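Participant: Fold the following.
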Amino acid sequence: MKKFFIILGILIVVFGGIFVIVKQGSVPIFFSVQEYIPGVKNCKGEVDKNYFLEKSSDFEIGANIKGEAVFKHPNKAFNRLINDYGQVLKKIEEENHLAKISKKNYRVYMQYGWQVSGTDDEQAQGQFVTKFLDIYENSFL
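Facilitator: A predicted model of the protein is given here:
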């Protein structure tokens, strides 16, 4: 009987930990399971895959189990966003008094990316950040 409660306790801790990590948005739960082809009945939306691939091969898009566009490698894509768009992310952060972007607070950047001020190039990068995060969020609950 004692072994049963020990095993039960371990299972509760493990599954509780997994639940907490998933809820914080740090572990993708909806991975790419199929090709994303706009217009096909299983795929939702009209995401231009080539638009993202032209920016980086790390932005390769597939579809999750719900048919939503997701990055095939969401962690790799997020890291590429940070590396390639760091200046505009910093600008969004400063203009809106935000914490530095992370996998836990990225949603607020999605709201402000398209509103960033500055040159035409900075505004285009801000719009890309919003489009990127709109797809990135499909990987999580």
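
Participant: so where do the helices sit in this structure?
Facilitator: Assigned by DSSP state H, the helices in the chain fall at 2-23, 49-55, 74-84, 86-96, 106-112, 120-136.

Participant: Low-confidence ranges, the protein, go.
Facilitator: Within the chain, the stretches with pLDDT under 70 are 18-29, 141.

Participant: Dump the helices of the chain to TSV, plus distance to residue 66 and mean neighbour count.
Facilitator: All C-beta spots, glycine's among them, are computed from the backbone N, C-alpha and C. Formatted as TSV, those follow (distance: least, Cβ to Cβ, whole Å; neighbours: other Cβ atoms under 10 Å):
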stretch	distance to residue 66	mean neighbour count
helix 2-23	16	10
helix 49-55	17	14
helix 74-84	15	17
helix 86-96	28	16
helix 106-112	18	17
helix 120-136	13	18
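
Participant: who wins for proximity to residue 34 among these?
Facilitator: helix 49-55 (13.0 Å; Cβ to Cβ).
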